[in-house]
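Student: Fold the following and give me the result.
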Amino acid sequence: MNFVCQQCKQPLHLDASLVDLTPSAYDLVSSSLPPSPSSSHGRQPSGAEKLAQLPAPPTAKTAWRNSVQGSPSSTASSPAQRKQPQRAPMHPNESFVLLQDSVIRNIPSQLPATPHAKRASFSKGRTTAPAAPAHAPEEPPHPNPSPLSHHLRSSLRLFNLLSSRTDLDHPLCAECTHILLGTLTRQLEETKKERDGYIAFEKEVKKEKEREGSGVNRLEAEAKIDRLKEEERLAIEQLKAAERERQQLEEELQSLEREEKALEEEEAEFWRQHNAHLLKQAEQADQLAALRAAYAADSATLDKLERTNVYNDAFCIGHDGVFGTINGLRLGRVPGVPVEWAEINAAWGQTLLLLYTIARKLDFTFENYRLVPMGSFSRIEKTTGDKATYELYGSGDLHFGRLLHNRRFDFAMVAFLDCLKQLIDYVKSQDTTVEFPHQIVKDKIGDASVKQQFSQEEAWTRALRHVLLALKILLKWATNGSNG
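Tutor: Next comes the predicted model:
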């Protein structure tokens with residue numbers, strides 16, 4: 001069997017002294033307990049009723065009431081506690097131990113049973129209705145009980161006895177027991193103060209009897225009555241003034257409530273406007289962030305476009321081994337690498353177009369020559385003298401007519417080199433810090449000639465690579481922001 005606290009319903013662990021309870025200890029506990037509340041069938045009269053029944057003068061009764069009501073604990077005590085039935089004085093019985101009972105540990109069977117109904121706690125006061133009988137019929141004896149069942153029955157009988165003699169069901173845990181002891185201590189203090197009130201009442205009764213014996217002056221009694229009436233009149237006037245003040249306070253409270261309601265409505269309207277303003281502010285902040293992001297993206301694009309050189313994209317000059325290249329087209333020929341003349345002619349067309357574009361950007365006009373960029377069939381026209389036209393494209397044929405054409409191709413490359421030298425001289429006159437690694441003298445740039453006839457292919461290819469390098473330097477200078 002598991003025991004739980006009858007107040008907080010927490011499981012309990014019984015102390016060893018309760019487990020090994022002897023019959024003599026049981027009798028001692030039973031005799032020390034007060035009689036069962038069910039033994040008093042009538043309602044106990046209260047202190048006020050007892051006072052009203054006493055044959056004493058009114059002054060003595062007033063003194064007793066003042067002495068009782070003056071104590072804080074007496075005024076704080078609840079009516080439920082004053083309605084508790086008065087317990088009869090305890091008459092402890094003599095405890096005895098039978099030898100055979102101690103040997104076989106057989107507790108007497110005349111024990112009280114568990115009450116049929118739960119009684120209210122001390123905080124709610126005791127009830128005055130009759131309770132269940134204090135003692136239950138005897139239980140049939142158990143032959144040869146085991147030690148465990150014997151201990152359980154002993155503890156259960158003890159708890160039933162405590163529950164029948166007290167206002168709380170048992171068993172109780174340690175915390176609930178401390179609360180019960182605190183409540184009983186407060187009741188004891190209240191009882192002591194009540195006893196002091198009775199003593200003061202008794203003294204006042206004796207004084208009244210002494211005054212009656214000595215004879216009381218009627219004039220003094222009438223003066224006392226008049227004084228009491230005057231006090232009553234003043235108390236009534238104070239009560240009326242308090243009622244008028246209470247009515248004024250109620251009106252003021254109603255006015256404050258109306259004002260509070262108006263303020264609440266105003267506050268609600270304020271918060272609605274505040275929330276609308278916050279939403280509008282958040283929307284405007286989102287729009288501003290979007291505009292700033294768009295501005296940043298456009299600024300980055302503009303900066304990128306400003307840094308972008310379309311000429312570098314249109315005329316990409318590089319190299320492929322020993323060849324100079326423009327837009328991926330090789331310019332030149334070497335033994336072992338058969339570069340097609342179609343690729344060479346296209347490369348020359350791009351080169352002539354680049355020189356023409358740089359001159360137009362710098363607003364420069366060539367002397368004696370005019371450039372005519374026409375892709376793979378570009379040419380250079382002479383503007384003075386015989387006004388000859390030189391084709392800037394070649395062929396690998398070896399017949400007589402083609403030899404004459406290749407001769408004009410050499411004249412075109414020399415004319416191209418002359419135009420390049422004019423543009424380089426113009427740039428140097430504009431900016432002396434510009435340096436070109438190869439000097440142009442007649443048909444040579446650096447140490448290589450641009451003529452294709454009667455020269456080695458490696459030297460011709462190197463001369464063309466020098467031409468592309470000079471054009472790249474010119475293009476970089478011309479596309480610089482501070483130039484052109």
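Student: Would you mind listing where the stretch 1-150 of the chain has pLDDT under the threshold?
Tutor: Under the criterion pLDDT under 70, the flagged ranges of the stretch 1-150 of the chain are 1, 16-17, 19-21, 35-150.
Student: Which element is encountered next along the chain beyond the longest helix along the chain?
Tutor: Under DSSP state H, the helix in the chain containing the largest number of residues is helix 218-307. Beyond helix 218-307 in the direction of the C-terminus, DSSP states H and E gives the next helix or strand as helix 310-314.
Student: And the pLDDT for Asn368?
Tutor: Reported pLDDT at Asn368 in the predicted model: 90.
Student: surely it meets Asp386?
Tutor: No. Judged on Cβ atoms under 8 Å, Asn368 makes no contact with Asp386 at a distance of 11.4 Å. For the C-beta atoms, the positions are set from N, CA and C on the backbone; glycine is no exception.
Student: CA atoms of stretch 310-329 as CSV?
Tutor: Only the C-alpha atoms of stretch 310-329 are listed here, as CSV (Å, rounded to 0.1, in the frame of the first residue of the first chain):
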residue,chain,number,x,y,z
VAL,A,310,35.7,50.1,-78.9
TYR,A,311,38.8,50.5,-81.1
ASN,A,312,40.5,47.7,-79.1
ASP,A,313,37.5,45.5,-79.7
ALA,A,314,37.3,46.4,-83.4
PHE,A,315,41.1,46.1,-84.0
CYS,A,316,42.5,43.4,-81.7
ILE,A,317,46.3,43.4,-82.3
GLY,A,318,48.3,40.5,-81.0
HIS,A,319,50.8,37.8,-82.1
ASP,A,320,50.7,34.2,-83.0
GLY,A,321,54.3,32.8,-82.7
VAL,A,322,56.4,34.9,-85.1
PHE,A,323,53.4,36.4,-86.8
GLY,A,324,51.7,39.6,-85.9
THR,A,325,47.9,39.3,-85.9
ILE,A,326,45.1,41.7,-86.3
ASN,A,327,41.6,40.4,-85.4
GLY,A,328,43.1,36.9,-85.5
LEU,A,329,44.5,37.3,-89.1
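Student: Not counting sequence-adjacent ones, nearest residue to Lys387?
Tutor: Leaving aside its chain neighbours, Lys387 sits nearest to Glu381 (7.0 Å; criterion: Cβ to Cβ, 6 or more residues apart in numbering).
Student: gap between stretch 219-234 and the chain center?
Tutor: Taking the mean of its C-alpha atoms, stretch 219-234 sits 72 Å from the chain's own mean (Cα atoms, centre = their mean, to the nearest Å).
Student: Report the rounded mean pLDDT for stretch 441-449.
Tutor: For stretch 441-449, the mean per-residue pLDDT is 87.
Student: Report the distance from that stretch to the chain centre.
Tutor: The mean C-alpha position of stretch 441-449 is separated from the chain mean by 81 Å, Cα atoms, centre = their mean.
Student: what about that stretch, start to end distance?
Tutor: Between the opening and closing residues of stretch 441-449 we find a distance of 9 Å, counting by Cα to Cα, to the nearest Å.
Student: can you check stretch 210-225 too?
Tutor: Distance between the two ends of stretch 210-225: 21 Å, counting by Cα to Cα.
Student: In terms of secondary structure, what does the helix or strand hosting Glu210 contact?
Tutor: Glu210 belongs to helix 174-214 when assigned by DSSP H and E. Counting contacts by 3 or more Cβ pairs under 8 Å, 6 or more residues apart in numbering; DSSP states H and E, helix 174-214 packs against helix 58-69, helix 72-76.
Student: Low-confidence stretches in the stretch 301-450 of the chain?
Tutor: For the stretch 301-450 of the chain, applying pLDDT under 70 flags the ranges 396-405.
Student: for it, what spans make up the strands?
Tutor: 317-320, 323-326, 329-331, 369-372, 379-382, 389-391, 440-441, 444-445, 448-449 (DSSP state E, counting those that start in this stretch).
Student: follow-up on the earlier one: neighbour count for Asn368 and Asp386, which is higher?
Tutor: For Asn368 versus Asp386, neighbours defined as other Cβ atoms under 10 Å are more numerous around Asn368 (13 against 6).
Student: Can you report how many residues neighbour the closest residue in space to the more buried one that isn't next to it in sequence?
Tutor: Once its chain neighbours are removed from consideration, Asn368 has its nearest residue in Thr384; the separation is 5.0 Å (Cβ to Cβ, 6+ apart). Residues contacting Thr384 under the criterion other Cβ under 10 Å number 8.
Student: how close does Thr384 sit to Phe366?
Tutor: Distance, Thr384 to Phe366, using Cβ to Cβ, to the nearest Å: 11 Å.
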